[in-house]
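S.K.: Below: sequence and its predicted model.
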Amino acid sequence: MIFLEMKTMTEEQKQGYILAKASVKAVLRRFEQNPYESRMKIYREVASDFDVSVDTIRLRLTKWDKLGDKGLIPKLKGKKEGDGKFLSDEIEAEIIKTITDKTPDQIKMPFALWSRQAVQDLIREKYGIELVITAVGKYLKKWGFTVQKPSVKKPGQRPVAVEKWLNEEYPSIQKQAKIEDAVIFWGDETAVQNEANALRGYSKRGVTPVVVGPKKRLHLHMISAVSNQGAVKFRIYDSAINMDRFKDFLEKMIFDAKGRKIILILDNLPVHHAKDLQPWLIANKHLIELRFLPAYSPEMNPDEYLNRDMKSRLANKPGTSDPKVLENNLLCYMDMLEKDEELVQSFFRDKSVKYAA
């Protein structure tokens, strides 16, 4: 019986067996509940739930069909007798160098970033050593690797322009602001919708939670600006930002500044360079001046981090088809933000925007 087998298993094997059995049960349960659903779809969804490949799920089912629960006990290879390690020091060093220097796609692996599964596949394919996913996680922790959200660099970004901004243009803006007693803001536009695409929540392993989606799609548009002193300004609109709405926001900033000059740093959205806006900007240059980040460099704008935080928090709100509820949720967040200087200043902590802190 399997409980007798478990007495002789290592902790890694026990964990591997428990996860393998849970994944098999999840597939079988889905087969029973949805007999007409595509089996490949079920394999993919269960594989995603358990952070393994589709091939791993299918292999587990094949072993379970032939051997029962015993077929799900993982075999740990590559362990040297007496040293308690599955990987030699030399192999560890090679793996660390590989996952530090390259992304999986650069070595023709079907992953964008290094996950436990990607590292597990690398170890299997390159060294012929089969490790359970929990063992891979322990190695990654030992090596000092943690789960990170990547910064996305858009195609077209010019490193020379970025370097010039950091070393010449922004220091010049700082000097100008000091001479003119101006305050520097970073601004950005975003769309807010009632569909929580990044929504996540806890559920029992193998059981996908279900939420009721909104009856219709709603959109709001917001333009905002933040300073490294913790100030925030914003306007919310029903339609996309055009020149008139952009000018309305600039006039609000001027009014709130009470005569103090503003230097507003923006991306290169066409509306920011609108020809019809130029005469107004020239006439009000003593009150507000626009400066522009290098092209395709959203990660250098602290206001982008406000948008991320806002969308993350709103994603956990119940879905709604009422535009007033969506607007109220957004207003509640922005009102909270206006009172929380420390949270606003936290948007300047990422390494890509520390230059602006």
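M.R.: On my side now, so go ahead. Numbers count the residues shown, from 1 in each chain.
S.K.: So, low pLDDT: which residues of the stretch 151-300 of the chain?
M.R.: Within the stretch 151-300 of the chain, the stretches with pLDDT under 70 are 151-155, 196-201, 203, 211-214.
S.K.: could you pull out the helices for it?
M.R.: For the stretch 151-300 of the chain, applying DSSP state H, counting those that start in this stretch gives helices covering 159-164, 170-180, 243-257, 278-283.
S.K.: Just say which of those is most tucked in.
M.R.: Greatest average neighbour count among these goes to helix 243-257 (a mean of 16), per mean count of other Cβ atoms under 10 Å. Bear in mind the C-beta positions are built from the backbone N, C-alpha and C, glycine included.
S.K.: helices or strands up against that helix?
M.R.: Applying 3 or more Cβ pairs under 8 Å, 6 or more residues apart in numbering; DSSP states H and E, one finds that helix 243-257 contacts strand 183-193, strand 219-226, strand 232-237, strand 262-266, strand 288-292.
S.K.: Out of these, flag the one nearest Glu125.
M.R.: Nearest to Glu125, of all the helices and strands packed on helix 243-257, is strand 183-193, at 40.8 Å by Cβ to Cβ.
S.K.: List the buried residues in that closest one.
M.R.: Neighbour-count burial for strand 183-193 flags Val183, Ile184, Phe185, Trp186, Gly187, Asp188, Glu189, Thr190, Val192 (criterion: 16 or more other Cβ atoms under 10 Å).
S.K.: Let me see the domain layout of the protein.
M.R.: 2-72, 89-142, 159-356 (automatic domain parsing).
S.K.: Pipe those into TSV and attach distance to Gln148 per row.
M.R.: TSV is the format used below for the domains of the chain (distance: least, Cβ to Cβ, whole Å):
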stretch	distance to Gln148
domain 2-72	16
domain 89-142	8
domain 159-356	11
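S.K.: what would the helices of the stretch 151-300 of the chain look like in a markdown table with distance to Leu61?
M.R.: Conversion of those to a markdown table gives the following (distance: least, Cβ to Cβ, whole Å):
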| stretch | distance to Leu61 |
| --- | --- |
| helix 159-164 | 49 |
| helix 170-180 | 57 |
| helix 243-257 | 56 |
| helix 278-283 | 66 |
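S.K.: just so I know, which of those lies nearest Tyr296?
M.R.: Proximity to Tyr296 (Cβ to Cβ) singles out helix 159-164 among the helices of the stretch 151-300 of the chain, at 9.2 Å.
S.K.: Please go through this structure and pick out the longest helix.
M.R.: With DSSP state H setting the assignment, residue counts place helix 11-33 as the longest helix in the chain.
S.K.: Could you give the average pLDDT over it?
M.R.: Per-region confidence: helix 11-33 scores 85 on mean pLDDT.
S.K.: Show me what that helix is packed against.
M.R.: Using 3+ Cβ pairs under 8 Å, 6+ apart, the elements in contact with helix 11-33 are helix 39-49, helix 54-67, helix 133-142.
S.K.: Let me know which of those helices is tucked in deepest.
M.R.: helix 133-142 (a mean of 18).
S.K.: Now do it against helix 11-33: the angle between them, please.
M.R.: Here the directions of helix 133-142 and helix 11-33 differ by 130 degrees (axes from the mean of the first three to the mean of the last three Cα atoms, to 10 degrees).
S.K.: mind listing what Ser266 touches?
M.R.: Not quite, residue 266 is Leu, not Ser. Trp186, Gly187, Asp188, His272, Leu290, Arg291, Phe292, Leu293 (Cβ atoms under 8 Å, 6 or more residues apart in numbering).
S.K.: any chance of those residues in CSV, plus distance to Val46?
M.R.: Supplementary listing: the contacts of Leu266 in CSV, determined by distance: Cβ to Cβ, whole Å:
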residue, distance to Val46
Trp186, 44
Gly187, 45
Asp188, 39
His272, 47
Leu290, 52
Arg291, 51
Phe292, 48
Leu293, 44
